[in-house]
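# After the sequence you'll find the predicted model.
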Amino acid sequence: MQYEAVIGLEIHAQLLTDTKIFCGCSTRFGSEPNTQTCPVCIGMPGVLPVMNEKAIGYVVKTGLALNCEIPSLSRFARKNYFYPDLPKGYQISQYELPLCGEGYIEISVNNSRKKIGLTRIHLEEDAGKNIHEGGGNESLVDLNRAGVPLMEIVTEPDIRSPGEAVEFMKKLRSIVRYICVCDGNMEEGSLRCDANVSIRPVGEAELGVKTEIKNLNSFRFVEKALDYEIRRQVKALNDGVRIIQETRLWNPEKSITESMRSKEEAHDYRYFPDPDLVPIELDKSWIEEIKEGIGELPDARRERFIKEYNLPEQDADLLTAEKAVAEWFEQAVKSGGDPKTASNWIKGDLAKLLNEENRQISESLLTPKHLVEMLALIDKGTISGKIAKTVFEEMYKTGKDADAIVKEKCLVQISDEAGIEKIVDEILNNNPEEVERFRAGEAKLMGFFVGQVMKETKGKANPKIVNELLREKLS
């Protein structure tokens, strides 16, 4: 029997507020355990929460960017469960009345666009962190994260493959980073994903029994965990084994999902309105103010780059995935750089250097102005394309101007035709067999001759002159 996967995601995004959702403690990552706590976030008796307005604004901003309905009334609820990292014995979250209603995100699937529906976006507090060390029977609890504002984004079961899930996560990460509400750092846990997955016979409308995979913190893990779980469920049904509704964890060392506990339902949490927090009424003028501050989103910028700069779709996709990269590119173009040439250097040489050092483009010493100045030297014939790669790497390492590097390292291109002709003649005289083979039809040997000339001139000979002389003398 042929099966199809039905996948829904629940994404938790940590908001970029300086302080926690109900108190003034810092949200900074990486501090010593339990140094960013107070009576409110560790759940001492008698304390009262005070709402962080910026957190509400960030969720509304996200909802507007994701085409969501923004209801005028919202309310917080208590989600009751008992776990060592939840000091109050309940989590302040939202249930019946979230801050954002239905919306959608468009992703690219097989060269076409697909809408993935959103059920809701709500705001809640994070729990602490259990630390299991030493292999004994005890665990430590760090409450620095308790009370950090989290935005939960819940999708409809519209995703049909691990690849689509990854595309959705990448698009969502791009958007929340564009609007500056979350840094999207999956390694630090500020963006993480729970995946609900079931399978059903192709053509069936009824959903199968779902399992939930918790805390996937990389695109790679999302894809691998979903792929494994789909295959596990298909094998189970083919073998006549009943699938049970449960929560599972991804084991990256074994590349399998493992059972954690039976899956909870909403009634298991005994939700009820939080008596310490009044309902939230959103002013329409405030919503409009937030909407005006969103700015250009990735899809709109992508379409503009294609039309305004005549870029291929693939270039536009790569350039607009990260806001900082898109802005770097536009600065280069506004400084006089050719759009396609600038794009090639950004997605090629610059991306390679940044990836090697795991750095963001905003951390690079190389600026758009540096790139444009280097491209001008190529256009003037001062340096060749090959020399430009050396100059580019030096600019990246030092932050020096292209002109200064060219002078400092004596990299000026040789365009003296008489001097180059002398070297060409010498190369041809020293390689008579290759000359005969070329004249007999082995055209690929042109690359050999060009390479020999470049080797002799240490890459400084003008390639155009070299090719013209070689074609003339080999004809």
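Sure, I can see it. Residues are numbered from 1 along each chain as shown.
# contacts, neighbours, all on C-alpha from now
Noted.
# which residues sit against whichever strand in the chain runs longest?
When the chain is parsed with DSSP state E, its longest strand is strand 112-125. With C-alpha atoms under 8 Å, 6 or more residues apart in numbering as the test, strand 112-125 has contacts from 21, 55-56, 59, 63, 68, 91-94, 98-108, 146-159, 168.
# which among those residues end up buried?
Buried members of the contacts of strand 112-125, scored by 16 or more other C-alpha atoms under 10 Å, are 21, 55-56, 59, 63, 68, 91-94, 98-107, 146-159, 168.
# returning to what we had before: mind listing what's buried along the longest strand of the chain?
So for strand 112-125, counting by 16+ other C-alpha under 10 Å, buried means 114, 116, 117, 118, 119, 120, 121, 122, 123, 124, 125.
# Kindly indicate which of these lies nearest residue 313.
Distance to residue 313 across these (C-alpha to C-alpha) is lowest for residue 114, with 16.8 Å.
# Any idea how far stretch 203-219 is from the middle of the chain?
22 Å (C-alpha atoms, centre = their mean, to the nearest Å).
# That stretch: which residues count as buried?
208, 209, 210, 211, 212, 213, 214, 215, 216, 217, 218, 219.
# can you tell me which of those residues are in helices?
residue 219 (DSSP state H).
# from the buried residues of stretch 203-219, which ones fall inside strands?
211, 212, 213, 214, 215, 216.
# Could you measure from the fourth one over to residue 193?
The span separating residue 214 from residue 193 equals 7 Å under the rule C-alpha to C-alpha, to the nearest Å.
# Show me the contact partners of stretch 88-101.
42-44, 56, 59-60, 63, 68-71, 73-83, 118-127, 271, 274.
# could you give the mean pLDDT of that stretch?
Stretch 88-101 shows an average pLDDT of 96 in the prediction.
# what about that stretch, start to end distance?
For stretch 88-101, the end-to-end distance is 28 Å (C-alpha to C-alpha).
# What of stretch 185-192?
So stretch 185-192: terminal residues 9 Å apart, C-alpha to C-alpha.
# Give the buried residues for that stretch.
So, applying 16+ other C-alpha under 10 Å, buried residues of stretch 185-192: 185, 186, 189, 190, 191, 192.
# Check what pLDDT residue 41 gets.
94.
# same check, this time on residue 438
So, for residue 438, pLDDT stands at 83.
# Does it belong to a helix, a strand or coil?
Of the three states, residue 438 takes helix under DSSP: H, G, I helix; E, B strand; the rest coil.
# mind checking how far it is from residue 456?
For residue 438, the distance to residue 456 equals 20 Å [C-alpha to C-alpha].
# what about the stretch 51-200 of the chain, any weak spots by pLDDT?
134-135 (pLDDT under 70).
# Break down it into its strands, ranges please.
With strands called from DSSP state E, counting those that start in this stretch, the stretch 51-200 of the chain shows them at 73-74, 77-80, 90-93, 103-109, 112-125, 129-131, 140-142, 149-155, 191-201.
# what about the stretch 201-350 of the chain, any weak spots by pLDDT?
Looking at the stretch 201-350 of the chain by pLDDT under 70, you get 263-264, 266.
# Where do the helices of it begin and end?
219-238, 284-292, 298-309, 313-320, 323-334, 339-345 (DSSP state H, counting those that start in this stretch).
# Please identify which of those is closest to residue 367.
For residue 367, the closest of those is helix 323-334, at 7.8 Å, according to C-alpha to C-alpha.
# what's next to the closest one, contact-wise?
Residues contacting helix 323-334 (C-alpha under 8 Å, 6+ apart): 174, 177-178, 298, 319-320, 339, 342-343, 346, 361-362, 367-369, 371-372.
# Give me the domain ranges for this structure.
3-289, 296-408, 417-474 (automatic domain parsing).
# chain center to the shortest one, what's the gap?
Yep, that's domain 417-474 we're talking about. So, by C-alpha atoms, centre = their mean, the centroid of domain 417-474 is 46 Å from its chain's centroid.
# what's the span of it, first residue to last?
Across domain 417-474, first to last residue, C-alpha to C-alpha, it's 17 Å.
# Could you measure from residue 374 over to residue 347?
Distance from residue 374 to residue 347, by C-alpha to C-alpha: 16 Å.
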